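A.B. asks: next input, structure requested:
(one chain, ligands or ions: 1)
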Amino acid sequence: MPDLSVQLLPGLTLKNPVVAASGTAGYGDEPSRLYDIADIGAFVCKGTTLKPRAGNPQPRIMETENGLLNAIGLQNPGVEYVVQHFAPIWEKWRTPVLVNIAGESIDDYFEIARRLDRVPGVAALEVNISCPNVAAGCLEFGATPEGAAAVTRAVKSATALPVIVKLTPNTSDIVALAQAVENAGADAVSLINTLRGMSIDIRKRKPVLGNVTGGLSGPAIKPVALAMVWRVAAGVKIPVIGGGGIATAEDALEFLLAGASAIEVGTAALVNPGALKDIVKGIEKYMLQWKLTEISQLIGAARR
Ligand SMILES: Cc1cc2nc3c(=O)[nH]c(=O)nc-3n(C[C@H](O)[C@H](O)[C@H](O)COP(=O)(O)O)c2cc1C
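C.D. replies: All right, here's what the predicted structure looks like:
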């Protein structure tokens, strides 16, 4: 059988490159009733902040022709609850858990990272500087290289955990962002978060989402995400985790061939909770068919 394992970072090996994307699978309690988390490479929990957050006014989610608009606004129980209630559960899993963190200030990011440092069950941090749906912080830092680097430095100084910085597509030059966080000490980057979008109800003559704008995910964003992953993978030396609109093994293979070392799947799992497992199986089938023995033979192969 082909070996699907990926050594993403020193001390962080995934049994396969398929990762559950943040915000689409909560803290693992719900998906663990729908599929076996042991089948996937890694799990990223919901964006977690220092204090609990109630999130944005309803409606927070709507389907578009070819994707999903969401403006959840980082509803979460806060870092202390996560450390007390979820980390002890994750510690028993064989799948590493990456905690997605978000803050309203650089001090917030530092504090959350410090609180999660050395917590058993937490394998790495994914630093969300790309949420388009909160009024303060987060994307404010993530949209400029200087802001992105400042958050990265703060988080790195607060923890010995591997730090993966999640980049926004809502910027003029995502490669410059990736390079800035690499220079600031990020161990890896993940991309892309959602693209800012909106919808208007023409009968009510009002925006559909309570937050007015939201983030677009799902199949509609795949070509945009793939081009960004392609460009970022050429621009940095650290590993790239790619995602945005991945729904099938074929989609995932495109991202691996573009240079992603692992891939994140979000919206597709809301439609089909078995999507991640199907993608793992599909990658394995492709490798058998093409007589590939290791994932490294796929990563970046379209560039060679
Ligand atoms: C309902 C919803 C909630 C999300 N919440 C978060 C979050 O808390 N933190 C984060 O970094 N990304 C969040 N995302 C973005 C996803 O993790 C992912 O980057 C994005 O949706 C693109 O991938 P996809 O097309 O496979 O969903 C969220 C996406 C959705 C649809």
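A.B. asks: show me what contacts the residue in the chain that the ligand sits nearest to?
C.D. replies: In the chain, no residue comes nearer to the ligand than Gly23, which is 1.8 Å away by CB to the nearest ligand atom. The way it works is simple: take the backbone N, C-alpha and C, and place the C-beta from them, glycine included. Gly23 makes contact with 46-47, 70, 72, 100, 266 under the criterion CB atoms under 8 Å, 6 or more residues apart in numbering.
A.B. asks: ditto for Ala234
C.D. replies: Counting by CB under 8 Å, 6+ apart, Ala234 has contacts 175, 259, 303.
A.B. asks: pLDDT score assigned to Leu253?
C.D. replies: pLDDT recorded at Leu253 is 99.
A.B. asks: burial of it, as a residue count?
C.D. replies: 20 (other CB atoms under 10 Å).
A.B. asks: correct me, but it touches Val280?
C.D. replies: No - with contacts counted by CB atoms under 8 Å, Leu253 stays clear of Val280, the gap being 11.9 Å.
A.B. asks: about what we covered before: any idea which element the residue of the chain closest to the ligand lies in?
C.D. replies: Using DSSP states H and E, Gly23 falls within no helix or strand.
A.B. asks: return the backbone torsion pair for it.
C.D. replies: phi 90, psi -10 (degrees, to the nearest 10).
A.B. asks: same check on Ser130?
C.D. replies: Dihedral pair for Ser130: phi -140, psi 10, per degrees, to the nearest 10.
A.B. asks: show me which residues of the stretch 201-304 of the chain sit near the ligand.
C.D. replies: By the rule CB under 6 Å from any ligand atom, the part of the stretch 201-304 of the chain lying against the ligand is 217-218, 221, 243-246, 265-268.
A.B. asks: how about these in CSV, adding distance to Ala148, neighbour count and secondary structure?
C.D. replies: Formatted as CSV, these follow (distance: CB to CB, whole Å; neighbours: other CB atoms under 10 Å; DSSP: H, G, I helix; E, B strand; the rest coil):
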residue, distance to Ala148, neighbour count, secondary structure
Ser217, 21, 29, strand
Gly218, 25, 24, coil
Ile221, 20, 26, helix
Gly243, 18, 30, strand
Gly244, 18, 32, coil
Gly245, 23, 24, coil
Ile246, 24, 32, coil
Val265, 24, 25, strand
Gly266, 21, 26, coil
Thr267, 24, 26, helix
Ala268, 27, 24, helix
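A.B. asks: how about CSV for these, with pLDDT added?
C.D. replies: As requested, these are exported to CSV (pLDDT from 0 to 100):
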residue, pLDDT
Ser217, 98
Gly218, 98
Ile221, 98
Gly243, 98
Gly244, 98
Gly245, 98
Ile246, 98
Val265, 98
Gly266, 98
Thr267, 98
Ala268, 98
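A.B. asks: ok, which pair from those residues is furthest apart?
C.D. replies: Farthest-apart pair in those is Ile221 and Val265; separation 12.8 Å (CB to CB).
A.B. asks: buried set for the lowest-mean-pLDDT helix or strand in the chain?
C.D. replies: Using mean pLDDT, DSSP states H and E, helix 31-34 stands out as the lowest-scoring helix or strand of the chain, at a mean of 81. For helix 31-34, the neighbour count (16 or more other CB atoms under 10 Å) marks 31-32 as buried.
A.B. asks: do the same with stretch 213-225
C.D. replies: 214-222, 225.
A.B. asks: how long is that stretch end to end?
C.D. replies: Start and end residues of stretch 213-225 are separated by 20 Å (CA to CA, to the nearest Å).
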